[in-house]
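K.L.:
The amino acid sequence is not available; the structure is as follows:
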């Protein structure tokens with residue numbers, strides 16, 4: 001299936017969930033400081049494994065960065 005991951009087209013296997021998309025975006029495995037939204041709606045981290053993605057959805061993955 002094809003989704004939009006951080007504004008770029010990405011081909012992922014059918015049945016991919018939010019957690020797998022977050023990993024495909026290169027976010028840390030522990031998910032600390034990471035947020036994910038599907039079609040503009042934030043998905044709580046405790047639901048990443050259960051929320052399956054569909055062809056054409058838009059997924060944004062953002063990571064907090066510390067610095068000054």
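P.N.:
Received the coordinates, thanks. Everything numeric here is computed off the predicted structure, so don't read it as measured data.

K.L.:
So the most centrally placed residue in the chain, which state does it fall into?
P.N.:
What sits nearest the mean C-alpha location of the chain, by CA atoms, centre = their mean, is residue 22, with 3.7 Å. Secondary structure for residue 22, judged by DSSP: H, G, I helix; E, B strand; the rest coil, is helix.

K.L.:
Quick check: it touching residue 36?
P.N.:
Yes - at 5.4 Å, residue 22 counts as touching residue 36 under the criterion of CB atoms under 8 Å. From N, CA and C alone the C-beta is placed, and that goes for glycine too.

K.L.:
list residues touching both of those two?
P.N.:
With contacts taken as CB atoms under 8 Å, 6 or more residues apart in numbering, residue 22 and residue 36 have 48, 61 as neighbours in common.

K.L.:
how about the residue nearest to the centre of the chain, what does it touch?
P.N.:
Residue 22 neighbours (CB under 8 Å, 6+ apart): 31, 34, 36, 48, 61.

K.L.:
and what of residue 25?
P.N.:
Counting by CB under 8 Å, 6+ apart, residue 25 makes contact with 5-6, 59, 61.

K.L.:
10 Å instead, please
P.N.:
5-6, 8, 10, 34, 36, 59-63 (CB atoms under 10 Å, 6 or more residues apart in numbering).

K.L.:
For this structure, just list every one of the strands.
P.N.:
In the chain, the strands defined using DSSP state E lie at 2-5, 8-11, 34-38, 41-43, 58-63.

K.L.:
between the third one and strand 58-63, what angle do the directions make?
P.N.:
What that stands for is strand 34-38. Interaxial angle, strand 34-38 versus strand 58-63 (axes from the mean of the first three to the mean of the last three CA atoms, to 10 degrees): 170 degrees.
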